[in-house]
Structure formats: structure tokens, C-alpha cells
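Asker: This is a predicted model, with the sequence first.
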Amino acid sequence: MPTNSSSPYLPFGENKNAAWYGKDIVSVKQFKREDLEYIFGVAHEMRGMVERVGTFDLLKGKILANLFYEPSTRTSSSFTAAMERLGGSVIPINEVKYSSVTKGETLTDTVRTLECYTDVIALRHPETGSAAIAAKVMKKPLINAGDGAGEHPTQALLDAFTIKAELEHFDGLTVTMLGDLKYGRTVHSLARLLSLFDVKLNYVSPDILKMPKEVVDEVGAKGIVQSEFSSLEKILPETDVLYVTRVQKERFENADDYEKVKGVYVINPDIMKSAKQKMIVMHPLPRVTEISMDFDDDPRAAYFRQMEYGLYVRMALLAMVLGKA
Ligand code: ASP
Ligand code: CP
């Protein structure tokens, strides 16, 4: 199936001079506002192609290694689907215990091995900074699919794409992030990414799960107004995007601390009565108890649509780093 030859984003040949050819995607700090516009343009094309033809051959012959040291449903399967919809293939290492990691092989040796057989690696790892370490020893592109409590840049890009698709713009929006802002890597990436725009950020969390100072300082340096709260009530009526997160049980050093804060916020239809009608509720998922299932049918519940947007954004990113967009 030929690709869309009239598209400004999807050429036939590999373009080694393309801006993103061979680049790693490690942190959202790499992106400027115009990069986002470009990525969203490519993702939009990908959406159209998936809707029109399903699968096409833009990345035929290319191989992705999906190297996941931590559990994943969405990120690993959407990278797989993205690669396969583009005609490429995937080496899945979703359970590193069956790999030579169990024999003591280091992360750097593992990625050096996999890049011998593949064109790009998506890595999820429990340690903050692991993606940068892996990228440094690699010649092929590395995509950070979540490094501990550090960042989740492809999630933030799909989150931003969701906001654009659902609310059409960023400037002037009030975005409220709720839950585990300390360990939640998605909010670390999203707050940084949104600081490219004229947004207002509210952070709602228990005292022990506040947004890290490092992120607040970086975002503040861009002139963004940020406010911290322990309860949602007062700011829900002004919120355009409510970004809910799961309390990251697996990152707590002390199980008692987790018990104290688990289930601290629950979004349900009753609470949402005070929110605007034109606003969205997002969640990177998986959810545990922080959004009740009886809210799922509300048109403002954008979290399932958000997952689908992730496919198009990851298709765009793979095409870009492989010189095909
Ligand atoms: N899936 C997201 C992540 O891996 C959010 C979560 O697990 O709560 O960061
Ligand atoms: N949003 C997200 O990263 O989901 P998974 O942990 O299931 O990949």
C-alpha cells in the first residue's frame, strides 16, 4: 500500500537530513513549541492513514525492540501496534526475567546487544536517568518509555495531543494535576511540556506526594503560574483539564505511607457536578480507585480517547526518528 504521496509529512524515502532522524527521545526538555506542532501534524496524518487504510508500509523492514523492565499494557502494546501499522516489526522483551538480564547483564550491554538487531529501542526501566544512560552508549535511537519516577515523554506528547484534539488550544487553559505528583513520571513530563504554553497549573496532592521542587523550579522559570493545594474542591470549577494520577504504590519506600494516602482522591459523578461542562478529565492509566467507573460514560471522561491518541503519536515518533517523517 503506497503512503499518502500528497502528505507534507510522510515521504517515500528515508530522509537522513530530517530534523529528528536518528535522535533519541529521552526527556520532554528536548521539545520546543514548533516541534509539538510538527509532531501533532504527523500524528494527525497517521490517524487519517489508520482510519483510511489501517496498515501501510512506511517502516517496512524496520525493527523496534520493546525493552520493558517494568509492567506495561498501553505503552508496550501501542508501540507494537504503531510499528506493525507502519509495516515494521517488533522484538518484544516485556519480561526481562526471561532475558540475560537475569544472568546479571547490565542495561548498557543489553541495549548495545539489541541495537545490533534492531533500528530503534523503546525502554522502560525502574531507575530515574536510565534512559539517558542507555541513549549515551547507543548509536541507534532510544525512546524513553518511562524511567522510574523521572519522565515519560511519549506519554506527555500524547497527553498534549489529547488536549489539542479535545479542547483545540493550550493558551489560557487551567490544568489541574491531581494525586501522586511526587512519583508520577507522567506529570513531571506533562508539567514541563505545558510550560511551553501560556497555561495555569494547579497541583493537588497530599503533603507527602507534592510535585518535586526541581520540576516546580523549571516550570516557574518559564513564567508559568503554579499553585499547590491539598483539596480539589475550590479549584475544580475553574479547571479545563483535570489530570488524575494513580498513587504509585511500587515507588514507596514505606508501605505505611502508601496506606495513608491511597484512595485519598476519588473522582465521581457527584464531585464532577461542580466542574465546567466543557472540560476534560484525563488519566494516563492504569487507574485503581481514583476515578469511579460510573464516571466513564460522561463525555468529559477523555481517558479512553487519550489511549487511542497514543497510537498515532507513537507512530509519528517512530517515523520521525527513523527518517520517514
Ligand atoms: N502508566 C503510567 C506510567 O507508567 C502511569 C501509571 O503507571 O500510573 O507512568
Ligand atoms: N500510560 C501508561 O504508561 O500505561 P502502561 O503503564 O500500561 O504502559
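Answerer: Structure received. Ligands and ions are numbered 1, 2, ... in the order given.

Asker: who touches the helix or strand where residue 111 lies?
Answerer: Under the criterion of DSSP states H and E, residue 111 resides in helix 107-117. With contacts defined as Cβ atoms under 8 Å, 6 or more residues apart in numbering, helix 107-117 is touched by 63, 65, 67, 91, 93, 99-101, 105, 121, 123, 125, 130, 133-134, 137-140, 142. Where C-beta positions appear, they are placed from N, C-alpha and C, glycine not excepted.

Asker: Could I get the contacting residues of the closest residue to residue 18 other than its chain neighbours?
Answerer: Closest residue in space to residue 18, ignoring its immediate chain neighbours: residue 323 at 5.2 Å, by Cβ to Cβ, 6 or more residues apart in numbering. Residue 323 sits next to 14-16, 18, 21-22 when contact means Cβ under 8 Å, 6+ apart.

Asker: ok, residue 307 touching residue 285?
Answerer: Yes - the pair residue 307 and residue 285 qualifies as a contact (Cβ atoms under 8 Å) at a distance of 6.5 Å.

Asker: any shared contact partners between the two?
Answerer: residue 74.

Asker: and whichever residue of the stretch 1-150 of the chain sits closest to ligand 1, backbone torsions?
Answerer: At 4.6 Å from ligand 1, residue 146 is the closest residue in the stretch 1-150 of the chain, using Cβ to the nearest ligand atom. Here is the backbone geometry of residue 146 (degrees, to the nearest 10): phi 120, psi 110.

Asker: Please verify my assumption that it contacts residue 152.
Answerer: Yes - counting by Cβ under 8 Å, residue 146 touches residue 152, with 4.5 Å between them.

Asker: Now do the shared contacts for those two.
Answerer: 75, 185.

Asker: Just want to check the distance between the residue of the stretch 1-150 of the chain closest to ligand 1 and ligand 2.
Answerer: According to Cβ to the nearest ligand atom, to the nearest Å, residue 146 stands 6 Å off from ligand 2.

Asker: and that residue, how many residues sit next to it?
Answerer: Per other Cβ atoms under 10 Å, the neighbour tally for residue 146 reads 27.

Asker: try the one 4 residues further on
Answerer: Here the number of neighbours of residue 150 (other Cβ under 10 Å) works out to 20.

Asker: Return the residues in contact with it.
Answerer: Contact analysis of residue 150 by Cβ under 8 Å, 6+ apart lists 128-131, 185, 188.

Asker: Those residues in helices, which ones?
Answerer: 130-131, 185, 188 (DSSP state H).

Asker: Report the contact partners of the residue of the chain most remote from its centre.
Answerer: Most distant residue from the mean C-alpha position of the chain: residue 103, 30.7 Å away (Cα atoms, centre = their mean). If you count contacts by Cβ under 8 Å, 6+ apart, residue 103 has none.

Asker: Can you tell me which residues in this structure are near ligand 2?
Answerer: Residues of the chain lying near ligand 2 by Cβ under 6 Å from any ligand atom: 72-75, 155, 284-286.

Asker: again, only using 8 Å
Answerer: 70-78, 124, 145-146, 152, 155, 186, 284-286, 307, 310 (Cβ under 8 Å from any ligand atom).

Asker: Tell me the buried residues within those.
Answerer: Among the residues of the chain next to ligand 2, the ones that count as buried by 16 or more other Cβ atoms under 10 Å are 70, 72, 74-78, 124, 145-146, 152, 155, 186, 284-285, 307, 310.

Asker: how many neighbours does the nearest residue to residue 111 once chain neighbours are set aside have?
Answerer: Leaving aside its sequence neighbours, residue 111 sits nearest to residue 134 (Cβ to Cβ, 6+ apart; 4.6 Å). Using other Cβ under 10 Å, the number of residues around residue 134 comes to 25.
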